[in-house]
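Asks: Provided below are the primary sequence and the corresponding predicted coordinates.
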Amino acid sequence: MKRLLTLDLKDYTDDMPVFEKYTVRAIILRDGKLSMQLNDEGEYKIPGGGMEGDENCVDALVREVREETGLLVIPDSVEPIGEILEIRQDVFSKGTKYICHSYFFFCDVEERTVQTQMTQSEIAKGFCPVWEYPEVICRQNDAVQTQAWQKRDTEFVRMLLDGRVTRQ
């Protein structure tokens, strides 16, 4: 998958142990709005998450979107977009270099929805599924940016806004 962006904080050393993670992110558009998760702090997050076990990207995307938004991805609609690579010191394990490969995909969803199955962490932060315009997402995330993932998601939404990323 082509690299869209590298976000490297350079706050680590090369002799640190490495924790590497692979995630998928769903870009679901409807009437000019994006499917997102919004938390109590006003932070928008693109639906998706880590791949588990021997899951492939499509299986992980379908599962994560269903869990976080209740939307049902149509597997045949999934189109690869590209990767954002994040490199920084792990916020949960100081002294560890964190490398995260986030793979972004356009996809369509069914009209019907199901109950979300969010993690305890997502519930504690008050996340809920919403549809929002890209301009609002960028403006709000810029105003409240507290998490590393916000920069990743906000930069991706900016790529949509300025045409660097388009659906084929």
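Replies: Cool, the structure landed.

Asks: how about the helices in the chain?
Replies: In the chain, the helices defined using DSSP state H lie at 57-69, 120-124, 134-144, 148-161.

Asks: export these to a markdown table and tack on mean neighbour count?
Replies: C-beta: built from backbone N, CA, C; applies to glycine. Listed next are those as a markdown table, based on neighbours: other CB atoms under 10 Å:
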| stretch | mean neighbour count |
| --- | --- |
| helix 57-69 | 21 |
| helix 120-124 | 11 |
| helix 134-144 | 16 |
| helix 148-161 | 19 |
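
Asks: Among these, which comes closest to V78?
Replies: helix 57-69 (5.2 Å; CB to CB).

Asks: ok, back up a step: quick one: which of the helices of the chain is nearest C100?
Replies: Among the helices of the chain, helix 148-161 sits nearest to C100 (CB to CB), with 8.1 Å.

Asks: could you dump the closest one to CSV, C-alpha only?
Replies: Extracted in CSV, the C-alpha atoms of helix 148-161 (Å, rounded to 0.1, in the frame of the first residue of the first chain):
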residue,chain,number,x,y,z
ALA,A,148,-1.4,11.5,19.0
TRP,A,149,-4.0,9.7,16.9
GLN,A,150,-5.9,13.0,16.3
LYS,A,151,-3.0,14.4,14.3
ARG,A,152,-3.1,11.2,12.1
ASP,A,153,-6.9,11.4,11.6
THR,A,154,-7.0,15.2,11.1
GLU,A,155,-4.2,15.1,8.5
PHE,A,156,-6.0,12.3,6.6
VAL,A,157,-9.2,14.3,6.6
ARG,A,158,-7.2,17.3,5.3
MET,A,159,-6.0,15.1,2.4
LEU,A,160,-9.6,14.4,1.5
LEU,A,161,-10.5,18.1,1.7
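
Asks: Quick one: the helices of the chain as TSV, columns for mean pLDDT and distance to D14 too.
Replies: TSV is the format used below for the helices of the chain (pLDDT from 0 to 100; distance: least, CB to CB, whole Å):
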stretch	mean pLDDT	distance to D14
helix 57-69	98	29
helix 120-124	94	30
helix 134-144	95	31
helix 148-161	92	20
